[in-house]
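Peer 1: everything below, folded, please.
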Amino acid sequence: MNFNLDEATKIANQLIYNKFQRNLTDIEIIIFKGAWNKEEYDAIAAKHQYATSYISQDVAPKFWKSLTESLGEKVKKSNFKEALKRYWSQQFVSQDINISQQNNTTQNQDNIIFSTISDIYVERPPIESICYETIKQPGSLIRIKAPSFMGKTYLIEKLLSELTQDNYSTVSLSFELADSSTHFTNLNKFLRWFCINISRQLGKASDLDEYWDEEGMGAKVSCTTYFEEYLLAEVETALVLCLDDVDLLFPYPLIYEDFFGLLRSWYEKARSRKIWKKLRLIIAHSTDVYIRLNINQSPFNIGLPIELSEFTKEQTMELVRQHKLEIDDNIIQPLMQLVGGHPYLLEQAFFYLKTHPQVTISELLTQAITDAGIYSSHLREHWLNLQQNSELATAFKKVIFSPTPVQIEPILAYQLQSLGLVKLSGNTVESRCNLYSQYYLIHLEEINNYSFSK
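Peer 2: Got it, this is the predicted structure:
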């Protein structure tokens, strides 16, 4: 059976039913199918005659949260396909092993116990302890930088989970939830969206109109007033606000110049105003900050900088241990030669080996760089991104075809780094791992035969 939209919808419905004893609603199915087809929330809303704000700020966030709780791992618009596919694959393997167990009642029960990705976390000491101690300081700010799939979200979730246990109020807001065509074009709309989503996560009514005066005070002062007189005034200990995917704002100077300046001003307020000491900020982004900002208005030159690197050999072995796999150095070495210490790619390999005990590491590696391998969806997703941007594809082709690190236009380098396809070293760029080099070498050889769109 193929994993397609119909199958994914059935799985999502079953997960929601098992957790909440209800089926997917019509509007949840609309959002699910639209997200599957990579439609923006405003397009989904227009097609089905809903208000964009209703879809993006109300139903969609609640739906992804419900699916997260049902599946047992963090689910959002950008990763739900892979999450459901892993679950789907696991169920089929579990069924196969259960059948085998019926034929052999002496088989060890441990063989059918599978670790879910949400149970796996490899620490990168001393990062966790440093972040935890820093965020407990009044008015603190942490900047976490790492390309996509390097573990930012897992680190953030771990930190917020521990802080919640210490009675901190926590909010994690990804700018991926915003509709770029709606919220990134007008500062007032963006800040209202920002405040509404934070209020919702805190379980508070978003009574913005009582504090908002765009014409008189302006959007930035209104937003600041809302935080000071409403949100911060009501939290008992501190409010830890994590803003993920902030680099999605980089193409929108009409938004980011004022918004990043606003964050910097809040950080500065904590030096002299007690109530602002309650606010603790975590800013997560995928690339170096290549935008122009006044150094006195930037939140990217203050606070604690954290950069996540790839797993070491020891951390990779810890990942193996948590998956309860019996793998020695002779197996780890060729896998790391292919994917390096890339957390996501290693996780996928170990999860697959765990749920497919009949597959050898040699078989996995042989298929890995093909469209029949375990990384096929991940590799095709990147390929689609490259096909939609001719400049990016051409720049990556230069990287792939060079035997040594090369220089490319800085903005393109940052964009490729954000996708996780390359590593930056000074002014030069190289492919992040041999998996990408080998797979895209084949595809990019015929780059001129494709019709790329800007």
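
Peer 1: make it CA atoms for all contacts and neighbour counts henceforth
Peer 2: OK.

Peer 1: where does the residue lying closest to S56 once chain neighbours are set aside land on pLDDT?
Peer 2: Leaving out its chain neighbours, the residue that sits closest to S56 by C-alpha to C-alpha, 6 or more residues apart in numbering is Y41, at 6.0 Å. pLDDT recorded at Y41 is 87.

Peer 1: surely Y41 meets T52?
Peer 2: Yes - with contact defined as C-alpha atoms under 8 Å, Y41 counts as touching T52 (6.5 Å).

Peer 1: more neighbours, the two?
Peer 2: Shown here are Y41 and T52; by other C-alpha atoms under 10 Å, Y41 has more neighbours (26 against 18).

Peer 1: tell me who's in contact with the more buried one.
Peer 2: Each residue near Y41 by C-alpha atoms under 8 Å, 6 or more residues apart in numbering is listed here: 31, 34, 52, 55-56, 179.

Peer 1: of those residues - the most surrounded one?
Peer 2: I31 (24 neighbours).

Peer 1: tell me the buried residues in the particular helix or strand that has it in it?
Peer 2: Per DSSP states H and E: I31 is located in helix 26-36. Within helix 26-36, the residues scored as buried using 16 or more other C-alpha atoms under 10 Å are 27-36.

Peer 1: just how off-centre is stretch 421-441 within its chain?
Peer 2: Mean-position distance between stretch 421-441 and its chain equals 21 Å (C-alpha atoms, centre = their mean, to the nearest Å).

Peer 1: now the terminal residues of it, how far apart.
Peer 2: Stretch 421-441 has an end-to-end distance of 13 Å (C-alpha to C-alpha, to the nearest Å).

Peer 1: next secondary structure after the helix or strand bottoming out on mean pLDDT in the chain?
Peer 2: Of all helical and strand segments in the chain, the minimum by mean pLDDT, DSSP states H and E falls on helix 80-103, at a mean of 61. Using DSSP H and E, the helix or strand that directly follows helix 80-103 along the chain is helix 127-135.

Peer 1: can I get the CA coordinates of the following helix or strand past that following helix in PDB?
Peer 2: Heading C-terminal from helix 127-135, the first helix or strand you meet, by DSSP H and E, is strand 141-145. The C-alpha trace of strand 141-145 is given here as PDB (Å, rounded to 0.1, in the frame of the first residue of the first chain):
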ATOM      1  CA  LEU A 141      17.800  36.500  25.900                       C
ATOM      2  CA  ILE A 142      19.200  33.400  24.100                       C
ATOM      3  CA  ARG A 143      19.900  33.200  20.300                       C
ATOM      4  CA  ILE A 144      19.900  29.700  18.900                       C
ATOM      5  CA  LYS A 145      21.200  29.200  15.400                       C
END
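
Peer 1: would you mind pulling up the elements that strand 141-145 packs against?
Peer 2: On a contact count with 3 or more C-alpha pairs under 8 Å, 6 or more residues apart in numbering; DSSP states H and E, strand 141-145 meets helix 127-135, strand 279-285, strand 304-307.

Peer 1: quick one, that strand and helix 127-135 angle?
Peer 2: Here strand 141-145 points in a direction 150 degrees away from that of helix 127-135 (axes from the mean of the first three to the mean of the last three C-alpha atoms, to 10 degrees).

Peer 1: in three-state terms, label K277 for me.
Peer 2: Following DSSP: H, G, I helix; E, B strand; the rest coil, we place K277 in the helix state.

Peer 1: just for the stretch 351-454 of the chain, where's the confidence low?
Peer 2: Residue ranges of the stretch 351-454 of the chain with pLDDT under 70: 446-454.

Peer 1: likewise for the chain?
Peer 2: Ranges of the chain meeting pLDDT under 70: 1-2, 90-119, 446-454.

Peer 1: the strands in it, which residues?
Peer 2: For the chain, the strands defined by DSSP state E occupy 141-145, 169-174, 239-244, 279-285, 304-307, 422-425, 428-431.

Peer 1: okay, the ones you listed in JSON lines with mean neighbour count and distance to T185 next?
Peer 2: Listed next are the strands of the chain as JSON lines, based on neighbours: other C-alpha atoms under 10 Å; distance: least, C-alpha to C-alpha, whole Å:
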{"stretch": "strand 141-145", "mean neighbour count": "23", "distance to T185": "25"}
{"stretch": "strand 169-174", "mean neighbour count": "19", "distance to T185": "17"}
{"stretch": "strand 239-244", "mean neighbour count": "22", "distance to T185": "19"}
{"stretch": "strand 279-285", "mean neighbour count": "23", "distance to T185": "20"}
{"stretch": "strand 304-307", "mean neighbour count": "15", "distance to T185": "29"}
{"stretch": "strand 422-425", "mean neighbour count": "18", "distance to T185": "30"}
{"stretch": "strand 428-431", "mean neighbour count": "22", "distance to T185": "32"}
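
Peer 1: wait, which of these is closest to I196?
Peer 2: strand 169-174 (11.0 Å; C-alpha to C-alpha).

Peer 1: how about the closest one as PDB, C-alpha atoms only?
Peer 2: The C-alpha coordinates for strand 169-174 follow below in PDB (Å, rounded to 0.1, in the frame of the first residue of the first chain):
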ATOM      1  CA  SER A 169       4.700  30.500  31.700                       C
ATOM      2  CA  THR A 170       6.000  29.400  28.300                       C
ATOM      3  CA  VAL A 171       5.100  30.200  24.700                       C
ATOM      4  CA  SER A 172       6.700  28.800  21.500                       C
ATOM      5  CA  LEU A 173       5.600  30.600  18.400                       C
ATOM      6  CA  SER A 174       6.900  29.800  14.900                       C
END
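
Peer 1: what residues does that strand touch?
Peer 2: Outside strand 169-174, the residues within contact range by C-alpha under 8 Å, 6+ apart are 160, 163-164, 197-198, 201-202, 235, 237-246.
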